[in-house]
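1. Next one to model:
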Amino acid sequence: MDEPEKIKVLLSEYNALSSQIISRFAGQCQLYSMMAALTIGLLSAYFAHFIGWGSLLALFVLTALISTWLWLDIDRDIAKAALRIRGIEARINLSAGEQLLEWETKWGRGGVIGKRLFRNPFAAAASQEKRSDGE
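-> Numbering: from 1, shown residues only. From the prediction side, this is the model:
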């Protein structure tokens, strides 16, 4: 397989992974909506005296545990896809001899799980931009 065909295959994988990231992120947003609705339902049941304080607390803990597990599971898949996209960008840029693809490498979170909890993406992008300007 010659180099243009390899790049074509890599771009196809790049597009597929980008689509997967978008759909998984949409799934996370749906998860947030479902958990908000469930929380409102639990509070409504408590205030309507259908469940007691202990049941409400137990259901909140169960909801929080399930939500956290699902969020981390989806986030892990997003991180793996983002890390692979970063590798594809590097390989295509190396083959081309210039920076053709740079979004995930320059602005993305590139394989970080829990990205919303542990790091500010704008601060990371700014520091990376400073490093590339200094080279």
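2. Helices of this structure, residue ranges please.
-> Taking DSSP state H as the test, the helices found in the chain are 3-47, 53-96, 115-118, 121-134.
3. Please convert these to CSV, extending it with mean neighbour count.
-> Every C-beta, even on glycine, is put in place using the N, C-alpha and C of the backbone. Below are those laid out as CSV (neighbours: other C-beta atoms under 10 Å):
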stretch, mean neighbour count
helix 3-47, 13
helix 53-96, 15
helix 115-118, 12
helix 121-134, 11
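4. Phi first, then psi, for L101.
-> Main-chain dihedrals, L101, degrees, to the nearest 10: phi -120, psi 130.
5. if we can go back for a sec, and the helices of the chain: which comes nearest K106?
-> helix 121-134 (6.2 Å; C-beta to C-beta).
6. what residue lies at the spatial centre of this structure?
-> I78 (4.2 Å; C-alpha atoms, centre = their mean).
7. among the helices and strands of this structure, which has the poorest mean pLDDT?
-> In the chain, no helix or strand scores lower on mean pLDDT, DSSP states H and E than helix 121-134, which sits at a mean of 50.
8. can you list the weak-confidence ranges in the protein?
-> Counting by pLDDT under 70, the chain has low-confidence residues at 109-135.
9. quick one: furthest residue from the center of it?
-> Within the chain, the residue lying farthest from the chain centre (C-alpha atoms, centre = their mean) is H49, at 38.8 Å.
10. measure that residue to S55 for me?
-> H49 sits 11 Å away from S55, taking C-beta to C-beta, to the nearest Å as the criterion.
11. so the residue nearest to the centre of the chain touches R24, yeah?
-> Yes - at 5.0 Å, I78 and R24 qualify as touching, with contact defined as C-beta atoms under 8 Å.
12. So which of the helices of the chain is nearest T105?
-> Minimum separation from T105 across the helices of the chain (C-beta to C-beta) falls at helix 53-96, 5.0 Å.
13. Report the angle between that closest one and helix 3-47.
-> Interaxial angle, helix 53-96 versus helix 3-47 (axes from the mean of the first three to the mean of the last three C-alpha atoms, to 10 degrees): 170 degrees.
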